[in-house]
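S.K.: When you get a sec, could you give me coordinates for this:
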Amino acid sequence: MSKLVIVESPTKAKTISQFLGKEYRVESSYGHVRDLPKSRLGIDVEKNFEPSYVIPTKNRKRVNLLKKEAGKADEVILATDEDREGEAIAWHLTQALGLDGKKTERIAFHEITEKAIKEALSSPRPLNLNLVDAQQARRVLDRLVGYKLSPFLWKKVARGLSAGRVQSAALRLIVEREEEIKKFIPEIYFSVSAELKKANGDIFSAILSAINGEKIKSPGIKDEKTAALALTDLKRSALAVKNVETKEIRRSPFPPFTTSSLQQESSKRLRFSAKQTMRLAQGLYENGLITYMRTDSVNLSQESVVAAKKWLAENLGERYAVEAPRFFKTKSRLAQEAHEAIRPTNPSLLPKDYSGDDKTKKLYELIWQRFIASQCPKAIFNSVRLEIEAEAGKNIYTLSANGLTLQFDGFLKIWPGKFEENELPLFENNEELELIKAEKGEHQTEPPARYNEASLIKTLEEFGIGRPSTYAPTISVIQDRNYVEKNEARRFQPTEIGALVNNMLVEHFPKIINIKFTAEMEEKLDSIAEGKEDWHKTIKDFYVPFAAELETKYAEVEKQQPEEKTSEVCEKCGRPMVVKFGRFGKFLSCSGFPECKNAKKLIGDAALKNEQGEELKCLECKEGLIVRKRTRKGRFFYGCSRYPECKYASWKKP
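M.R.: This next block holds a predicted model:
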């Protein structure tokens, strides 16, 4: 009896084929075999929003091969990933290949190991059409928003722009954070610190924390006079210990990774982008080294925690293996608990023994450490809080010092964390201290930080914008569209065109480009996946008012950013050059367009300026301007505007 197993990727096919007998043939669909057409909407809004799927030209050869193999097989087994997209791919395969339901089975698994594959084969299940509907609803919804809003932007702003339900919400977060930073007014505040000495010569530091029993509120002392008086009073006062509080602090390990936390930690520790992280994780999963990498669950199998405990006891000793396995509760109410967290399939495969490339090895090590550490005991610290009093006339000043020492590293032995040990001497109440010196510090509050990949993903997750599979592509799209760029500190800033697009959409379509709306729509998609809501009705409830509003806006809204005249003349036809807006921001274009298609970069946009606002000349040729450029991989550098005539370039900002 011949059996055909169909999966999404060749790597996955190769791994699975190692576990199956000769009666099985494993083939790859190379992802989706059907999709909506690119050249048109592909959704019949008059007939219940039915999508019109096509087999893309690049997929036809593969579909024909799979049809042929399916015809020869006695049984067809669909083994795509166990999530909405995987379920949708399986359903599209049944449609594109015309599979006979009587000889077609669906299997699902969280890891590609021999045990998991054989267990899945022993318990096939029917296709989950609720999951298919949820994925189909997402695709239709995003197509309607993208294909209806994007032409609006072409007409009112510039050709080549795009809008999307999730990408526009992410862009809004970045633009609004930039506006917060621009509006931010720094606040001056002060601090008072002291260096003190015990009778035995031990020296330590403390800070002023309260005046007359009233705690100094964050960020610090508001007026300089109060700080100056405190400094003067401390220098002429006797100081004595008033309170010593010692306690044990136990710090618990972090849960194993979800998609979101993996992307965040990979960005912080490895400086990998979300897109790069998911590409590397996909390879680890398809080669059978980790569990499925798109998940919002921190659930762990009993088998995996037992294996972790065994490894810890054998390699680090019993004190590093918890008595009872530690399980974690998922905070998200929408998490699919049937899924598992991201973990190594075999804890005994140590990162140092992994033979892959360096970047994949680093990601595997991160996943391995996080999982193993989750089954370690808590770290134990000894904490000391010391309060010192100084009385000067009517004023009583309280200084504080905090000590922290590590007693038992626990999970920190596997998952190193940031903490600063500060060992204080031993004290007794009313013990007198000598003031060595006291200082007044002046500070100012900082504006909110721009988003980096980690903090943006965390915020998207907190607001319920998107799901595990959408974070990486969302961030990638807004960069590819030139709506945002990363600065030298690897933080996102909106481009001029990105801010313009956001402001246009927020002003005229506030109900759609809305954080709450985007999150609520995700919840409706989850309800469809659970079989609680009809996807056609969900789309209709959204589309009818959206289409009416869009029609109104086409008539009401005038084109943004009219052409700006310049004194420059087109070298091809002699007509004036004008500044226009395009997908990549402002550029110079001939006013004779479309007869004359001459266009070029507007150097002034990227040119560096000094404190007086003057553009900086090239350090080598002294003729061109120093402009900021970007490599193909997205890294910024500085070069001459006369390139290739002048090849000056520098990674450092002049």
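S.K.: For this structure, which element, helix or strand, carries the lowest mean pLDDT?
M.R.: helix 603-606 (a mean of 56; mean pLDDT, DSSP states H and E).
S.K.: quick one: the helix or strand that it is followed by to chain centroid distance?
M.R.: Next helix or strand after helix 603-606 toward the C-terminus (DSSP states H and E): strand 626-630. Mean-position distance between strand 626-630 and its chain equals 27 Å (Cα atoms, centre = their mean, to the nearest Å).
S.K.: Just name whatever secondary elements strand 626-630 is in contact with.
M.R.: Contacts defined by 3 or more Cβ pairs under 8 Å, 6 or more residues apart in numbering; DSSP states H and E place strand 626-630 against helix 603-606, strand 636-640. For the C-beta atoms, the positions are set from N, CA and C on the backbone; glycine is no exception.
S.K.: Count residues in the vicinity of the residue nearest to residue 75 when sequence neighbours are not counted, would you?
M.R.: Nearest non-adjacent residue to residue 75, counting by Cβ to Cβ, 6 or more residues apart in numbering: residue 3, 4.6 Å away. Other residues near residue 3 come to 18 when the count uses other Cβ atoms under 10 Å.
S.K.: now residue 446
M.R.: Neighbour count of residue 446, defined by other Cβ under 10 Å: 11.
S.K.: Could you verify that it is part of a helix?
M.R.: No: counting by DSSP: H, G, I helix; E, B strand; the rest coil, residue 446 falls outside a helix, being coil.
S.K.: From residue 51, how far out is the spatially closest residue to it that is not a sequence neighbour?
M.R.: Closest residue in space to residue 446, ignoring its immediate chain neighbours: residue 186 at 7.6 Å, by Cβ to Cβ, 6+ apart. Per Cβ to Cβ, to the nearest Å, residue 186 is found 53 Å from residue 51.
S.K.: what's the offset of stretch 624-643 from the middle of its chain?
M.R.: Stretch 624-643 sits 27 Å away from the centroid of its parent chain (Cα atoms, centre = their mean).
S.K.: tell me the SS of residue 26?
M.R.: Secondary structure assignment for residue 26 (three-state DSSP): strand.
S.K.: List the beta-bridge partners for it.
M.R.: Here residue 26 sits in beta bridges with residue 5, going by DSSP bridges.
S.K.: Number of residues surrounding it?
M.R.: Neighbours around residue 26, by other Cβ under 10 Å: 21.
S.K.: what's it in contact with, if anything?
M.R.: 5, 6, 7, 13, 14, 16, 17, 20 (Cβ atoms under 8 Å, 6 or more residues apart in numbering).
S.K.: repeat for residue 385
M.R.: 243, 244, 245, 400, 401, 402, 403.
S.K.: Could you tell me which of those residues are located in strands?
M.R.: Among these, the residues falling in strands (DSSP state E) are 243, 244, 245, 400, 401, 402, 403.
S.K.: pretty sure the second one is in contact with residue 383, am I right?
M.R.: Read it as residue 244. No: assessed by Cβ atoms under 8 Å, residue 244 is found out of contact with residue 383, at 11.5 Å.
S.K.: Now the closest residue to residue 164 other than its chain neighbours. Its backbone dihedrals?
M.R.: Among residues not flanking residue 164 along the chain, residue 146 sits closest, at 5.2 Å (Cβ to Cβ, 6+ apart). Here is the backbone geometry of residue 146 (degrees, to the nearest 10): phi -60, psi -50.
S.K.: Could you give the number of residues near residue 146?
M.R.: 17.
S.K.: Show me which residues of stretch 176-186 are buried.
M.R.: Neighbour-count burial for stretch 176-186 flags 177, 178 (criterion: 16 or more other Cβ atoms under 10 Å).
S.K.: what's in contact with that stretch?
M.R.: 444, 445, 446, 447, 448, 450, 451, 493, 494, 499.
S.K.: between those, which has the most around it?
M.R.: residue 494 (24 neighbours).
S.K.: Check which element follows the helix or strand hosting residue 207 along the chain.
M.R.: Using DSSP H and E, residue 207 sits in strand 203-211. Using DSSP H and E, the helix or strand that directly follows strand 203-211 along the chain is strand 214-215.
S.K.: about what we covered before: reformat the ones in strands among the contacts of residue 385 as JSON lines; add distance to residue 531.
M.R.: Putting the ones in strands among the contacts of residue 385 into JSON lines (distance: Cβ to Cβ, whole Å) gives the following:
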{"residue": "243", "distance to residue 531": "60"}
{"residue": "244", "distance to residue 531": "61"}
{"residue": "245", "distance to residue 531": "55"}
{"residue": "400", "distance to residue 531": "57"}
{"residue": "401", "distance to residue 531": "59"}
{"residue": "402", "distance to residue 531": "54"}
{"residue": "403", "distance to residue 531": "57"}
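S.K.: For stretch 487-500, list the C-alpha coordinates in PDB.
M.R.: Extracted C-alpha coordinates of stretch 487-500, given in PDB (Å, rounded to 0.1, in the frame of the first residue of the first chain):
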ATOM      1  CA  ASN A 487      18.700  54.800  13.500                       C
ATOM      2  CA  GLU A 488      22.200  54.200  14.600                       C
ATOM      3  CA  ALA A 489      20.900  52.900  18.000                       C
ATOM      4  CA  ARG A 490      18.700  50.300  16.100                       C
ATOM      5  CA  ARG A 491      15.500  52.100  17.100                       C
ATOM      6  CA  PHE A 492      12.600  52.900  14.800                       C
ATOM      7  CA  GLN A 493      12.000  56.400  13.500                       C
ATOM      8  CA  PRO A 494       9.200  57.200  11.000                       C
ATOM      9  CA  THR A 495      10.300  58.600   7.700                       C
ATOM     10  CA  GLU A 496       8.800  61.700   6.200                       C
ATOM     11  CA  ILE A 497       6.600  59.700   3.900                       C
ATOM     12  CA  GLY A 498       5.700  57.300   6.800                       C
ATOM     13  CA  ALA A 499       4.500  60.100   9.000                       C
ATOM     14  CA  LEU A 500       2.500  61.600   6.100                       C
END
